[in-house]
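Novice: sequence first, then the predicted structure:
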Amino acid sequence: MSLFILVIYEKVQSVASAKPFRFVAINRRPFAGSTPFNAEEINLIINVDDDAEKRASFMEARGHEFGSFIDIFTQKFGLPPISDDGKTGGSIVLGWSMGSLFAAATVAHAPTLPVDVRSRIAQHVRALVVYGEPFGFYRPENLTALFRSCADHFWSSDS
């Protein structure tokens with residue numbers, strides 16, 4: 001499963017259709033086809049200044065949105081969990097450029113999701129790929145260690 005800007009991944013989608021895997025790309029809020037930010041969220045984005053607590057709160061909410069999407073999507077479409085031998089099933093979360101922030105937030109804030117959601121995500125997310133990390137705005141502490149603890153495989157263009 002992959003997150004972030006749909007158009008960027010058209011070539012990957014064409015390859016995926018010829019292989020035994022599903023490629024899912026979603027547009028982040030507020031891009032076309034997604035849920036717009038409400039007035040409070042827009043105010044937070046515009047007036048975030050140097051308030052690390054507000055940034056973290058905003059990104060935790062975005063991480064929960066993506067975590068919830070992964071959970072609902074895997075249940076709705078009956079995606080297989082990672083097999084016992086690790087050779088089949090599962091999903092990969094991928095973030096590119098600005099989308100890396102949201103991939104990071106998904107993993108960084110997974111521990112604050114409801115226990116049942118965390119459990120299902122843990123059974124499905126096998127790897128995390130982060131390409132082109134723009135972490136000036138938001139970088140959770142010990143990010144690489146956190147990624148490695150939450151997924152069997154972690155790859156970053158900056159690691």
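Specialist: Structure received. Numbers count the residues shown, from 1 in each chain.
Novice: contacts, neighbours, all on C-alpha from now
Specialist: Will do.
Novice: what's the burial count for the residue nearest to residue 125 when sequence neighbours are not counted?
Specialist: Closest residue to residue 125 apart from its sequence neighbours, by CA to CA, 6 or more residues apart in numbering: residue 91 at 4.7 Å. Residues lying near residue 91 (other CA atoms under 10 Å) number 24.
Novice: over to residue 18?
Specialist: 9.
Novice: so residue 93 sits in a strand?
Specialist: Yes: according to DSSP: H, G, I helix; E, B strand; the rest coil, residue 93 belongs to a strand.
Novice: that one and residue 43, how far apart?
Specialist: 29 Å (CA to CA, to the nearest Å).
Novice: between these two, which one's more packed in?
Specialist: residue 93 (25 against 11).
Novice: so that one versus residue 104, what's the distance?
Specialist: 10 Å.
Novice: same thing with residue 56?
Specialist: Counting by CA to CA, the gap from residue 56 to residue 104 is 12 Å.
Novice: which of these two has more residues huddled nearby?
Specialist: residue 104 (29 against 17).
Novice: figure out the helix or strand that that one lives in.
Specialist: Element membership for residue 104, per DSSP states H and E: helix 99-108.
Novice: just the C-alphas of the next helix or strand after that helix, formatted as PDB.
Specialist: Later in the chain than helix 99-108, the nearest helix or strand by DSSP H and E is helix 115-124. Output of helix 115-124 as PDB, limited to C-alpha atoms (Å, rounded to 0.1, in the frame of the first residue of the first chain):
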ATOM      1  CA  VAL A 115      -5.000  -1.000  20.500                       C
ATOM      2  CA  ASP A 116      -7.100  -3.000  18.000                       C
ATOM      3  CA  VAL A 117      -6.100  -0.700  15.100                       C
ATOM      4  CA  ARG A 118      -2.400  -0.900  16.100                       C
ATOM      5  CA  SER A 119      -2.600  -4.700  16.200                       C
ATOM      6  CA  ARG A 120      -4.200  -5.000  12.800                       C
ATOM      7  CA  ILE A 121      -1.700  -2.500  11.300                       C
ATOM      8  CA  ALA A 122       1.200  -4.500  12.800                       C
ATOM      9  CA  GLN A 123      -0.100  -7.600  11.100                       C
ATOM     10  CA  HIS A 124      -0.100  -5.900   7.700                       C
END
